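In: With the input below, show me the fold.
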Amino acid sequence: MSGFVEKPEPQQVPGLVHLHTGKVRDLYRNEAGDLVMVASDRMSAYDWVLPTPIPDKGRVLTQLSLWWFDQLSDLVPNHVLSTELPPGAPADWQGRTLICKSLRMVPVECVARGYLTGSGLVEYNDSRTVCGLALPEGLTDGSELPAPIFTPATKAEVGEHDENVSYEEVVRQVGAETADELRRMTLAVYGRARDIARERGVILADTKFEFGFDGETLILGDEVLTPDSSRFWPAAEWEPGHAQPSFDKQYVRNWLTGPESGWDRKSEQPPPALPQQVVDATRAKYIEAYERLTGVSW
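Out: Okay, here's the model as predicted:
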């Protein structure tokens, strides 16, 4: 059993219809039919939405996504229409709200990997493949891959786990033409972002994108290249052979599975509240990622 430890009640805003409460984002529709996406400070890990928020996290995710959308605008269109706060919205929504095109979302998590770690490492150790793609011998945790690879996954509901799938399964789900375009766009965006991050002393190890159709055009949606959807490592400290230090939620994962939390991930018990030092350190990591990448002080 997993999901929300404490599911929040959605804000009621005149003129907005609440559609969905996700792990991090709350989705509404306005009277024009556009999607209103509000990034909360909720933190998710191991398919649980934790009971402790990380202050400013939603604003970091939103502002970093906007920065990346701008860096990628010549490469792929995106869903953002406006950052203007809807009339009557709570003041706390400022800086964390996007007005977006309502897309027909593709039911695939489009993952690009340039380095071996996480679930990819688990599969590699078992079969020398990732999502069925053969990789050379001798790779270890943190190794750079010979070339970036497209390793799609299913999109899971809150409390359920994304599952890696083969490219052939994506073809079966969405058709050959769309699958080919998803792979092409995913690797193109990853390549651009990897190079930008590298110039700033940051390794983009892997990341996931979501795409949707605006009419017949496939465009980039949701968030993009944030510490929630990506693994960012400090390039100066990169050393294959073990887990890398990171600017993402790995710090929270490590605490939850460490002895200090007292939580058994394999049990059906919800995870505990995060202690203040973990909250503060996680907030600092998210802000450092923002500042390193954008060059702008938070």
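In: So which residue is dead centre in this protein?
Out: Ser229 (1.7 Å; Cα atoms, centre = their mean).
In: so the closest residue to it other than its chain neighbours, which of the three states?
Out: Closest residue to Ser229 in three dimensions, ignoring its sequence neighbours and counting by Cβ to Cβ, 6 or more residues apart in numbering: Lys208, at 5.2 Å. In short, each C-beta sits where N, CA and C put it, glycine included. When classified by DSSP: H, G, I helix; E, B strand; the rest coil, Lys208 comes out as strand.
In: Test my guess that Lys208 contacts Val111.
Out: Yes. With contacts counted by Cβ atoms under 8 Å, Lys208 reaches Val111, the gap being 4.6 Å.
In: Overlap in contacts, these two.
Out: Between them, Lys208 and Val111 share these contacting residues under Cβ atoms under 8 Å, 6 or more residues apart in numbering: Ala153.
In: what sits against Val278?
Out: Contact analysis of Val278 by Cβ under 8 Å, 6+ apart lists Tyr251, Val252, Trp255.
In: How about Gly118?
Out: For Gly118, the set of contacting residues under the criterion of Cβ under 8 Å, 6+ apart consists of Asp206, Arg231.
In: Excluding sequence neighbours, find me the nearest residue to Pro87.
Out: The shortest distance from Pro87 to any non-neighbouring residue, by Cβ to Cβ, 6+ apart, is to Gly15 (6.6 Å).
In: what's the distance between that neighbour and Arg194?
Out: If you measure Gly15 against Arg194 using Cβ to Cβ, to the nearest Å, the figure is 41 Å.
In: between the two, who's got more neighbours?
Out: Counting neighbours by other Cβ atoms under 10 Å for Gly15 and for Arg194 shows that Arg194 has the greater number, 21 against 14.
In: Can you verify my assumption that that one contacts Gly114?
Out: Yes. Between Arg194 and Gly114 there is a contact at 5.8 Å, judged by Cβ under 8 Å.
In: Would you map the helices across the stretch 51-200 of the chain?
Out: All helices of the stretch 51-200 of the chain, identified by DSSP state H, counting those that start in this stretch, fall at 57-71, 118-127, 167-174, 176-199.
In: Could you give me the buried positions within the first one?
Out: So that's helix 57-71. Burial within helix 57-71, assessed by neighbour count using 16 or more other Cβ atoms under 10 Å, is assigned to 57-69, 71.
In: what bits of the protein have low per-residue confidence?
Out: Within the chain, the stretches falling below the threshold (pLDDT under 70) are 1-2, 156-161.
In: how about a cut-off of 50?
Out: Segments of the chain classed as low confidence (criterion: pLDDT under 50) are 1, 159.
In: Apart from its neighbours in sequence, what residue is nearest Ala39?
Out: Ranked by Cβ to Cβ, 6+ apart and with sequence neighbours excluded, the top spatial neighbour of Ala39 is Gly58, at 3.6 Å.
In: where's the one you found relative to Phe232, distance?
Out: Using Cβ to Cβ, one gets 18 Å for the distance from Gly58 to Phe232.
In: re earlier: for the helices of the stretch 51-200 of the chain, give me JSON lines that also has distance to Leu98.
Out: Putting those into JSON lines (distance: least, Cβ to Cβ, whole Å) gives the following:
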{"stretch": "helix 57-71", "distance to Leu98": "6"}
{"stretch": "helix 118-127", "distance to Leu98": "28"}
{"stretch": "helix 167-174", "distance to Leu98": "25"}
{"stretch": "helix 176-199", "distance to Leu98": "18"}
